[in-house]
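Novice: using only what follows, build the 3D model:
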Amino acid sequence: MDQDQNIVTQPQGNKKIIIIGIVVVAVVLVVGGLMYSFLGDKVGENVAENILENQFGGSANVDDGGKSFSLKNENINLGVGSAATWPSDMPSDIPKPTFGVMTFSGSVLEGEKGWQVVISEATQDDFSAYHSNLLSAGWKDQGVFQSEIGVIQMTKENNNLVATYNPQDKTFELIISVGK
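Specialist: So this is what the prediction gives:
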């Protein structure tokens with residue numbers, strides 16, 4: 001009888017060892033996978049930064065697994081995703097939008113200067129209020145078009161501005177060019 005009990009208890013002991021072994025292997029795989037994913041993202045970000053810097057010069061920064069990046073050199077300043085910020089060199093007579101989430105910002109300071117900003121989560125009321133702010137800042141309407149997409153074209157001195165609003169994806173876009 002003791003032998004039968006030993007036979008029964010020994011497989012239970014082996015089962016515990018097997019279960020502990022499976023848990024250890026699972027933990028190692030999960031931790032290893034997380035480390036590989038983290039390192040893979042960092043390696044990918046570094047490769048992307050090197051490509052951008054070699055192609056455009058200046059400095060590049062890629063974050064969030066490639067969901068956000070910035071690039072800055074003497075002629076270009078871009079920000080995408082969480083790296084998008086209101087351009088510091090934007091002309092002062094362009095009101096900074098106080099609505100939505102900025103998802104893209106860029107400026108080109110070579111030849112004719114230009115800026116572009118894209119804001120998500122905007123509304124039709126935001127678009128209309130921004131148009132009023134531009135008029136208050138001295139910008140003059142050249143054309144206003146409202147269909148499925150709203151478009152405003154404005155000028156001030158030698159400067160041109162186009163603002164658009166797409167209600168389907170709630171995106172506001174602002175493009176400014178400074179003439180000579």
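Novice: residue contacts, Gly138?
Specialist: Taking CB atoms under 8 Å, 6 or more residues apart in numbering, we find Gly138 in contact with 93, 156. No exception for glycine: its C-beta is placed from N, CA and C like everyone else's.
Novice: all strands of the chain, in order?
Specialist: Applying DSSP state E to the chain gives strands spanning 59-63, 68-72, 76-80, 101-108, 113-120, 140-146, 150-156, 159-166, 171-178.
Novice: ok, the nearest residue to Phe172 once chain neighbours are set aside to Gln153 distance?
Specialist: Leaving aside its sequence neighbours, Phe172 sits nearest to Ala122 (CB to CB, 6 or more residues apart in numbering; 3.9 Å). As for Ala122, its distance to Gln153 is 18 Å (criterion: CB to CB, to the nearest Å).
Novice: the two: which is more packed in?
Specialist: The neighbour comparison of Ala122 against Gln153 (other CB atoms under 10 Å) goes to Ala122, with 22 against 16.
Novice: the more buried one contacts Thr103, correct?
Specialist: No: using CB atoms under 8 Å, Ala122 makes no contact with Thr103, being 10.6 Å away.
Novice: tell me how the chain divides into domains.
Specialist: 1-58, 74-178 (automatic domain parsing).
Novice: ranking these by mean pLDDT, which is last?
Specialist: Least confidently modelled of the domains of the chain is domain 1-58, at a mean of 50 by mean pLDDT.
Novice: can you redo the strands of the chain as CSV with distance to Pro95?
Specialist: CSV is the format used below for the strands of the chain (distance: least, CB to CB, whole Å):
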stretch, distance to Pro95
strand 59-63, 28
strand 68-72, 23
strand 76-80, 19
strand 101-108, 14
strand 113-120, 11
strand 140-146, 15
strand 150-156, 12
strand 159-166, 11
strand 171-178, 10
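Novice: residues in contact with the residue nearest to Asn158 when sequence neighbours are not counted?
Specialist: Distances taken as CB to CB, 6+ apart place Gly179 nearest to Asn158, at 3.4 Å, with adjacent residues excluded. Contacts of Gly179 were listed using CB under 8 Å, 6+ apart, and they are 112, 157-160.
Novice: and with 7 Å instead?
Specialist: Neighbouring residues of Gly179 by CB atoms under 7 Å, 6 or more residues apart in numbering: 112, 158-160.
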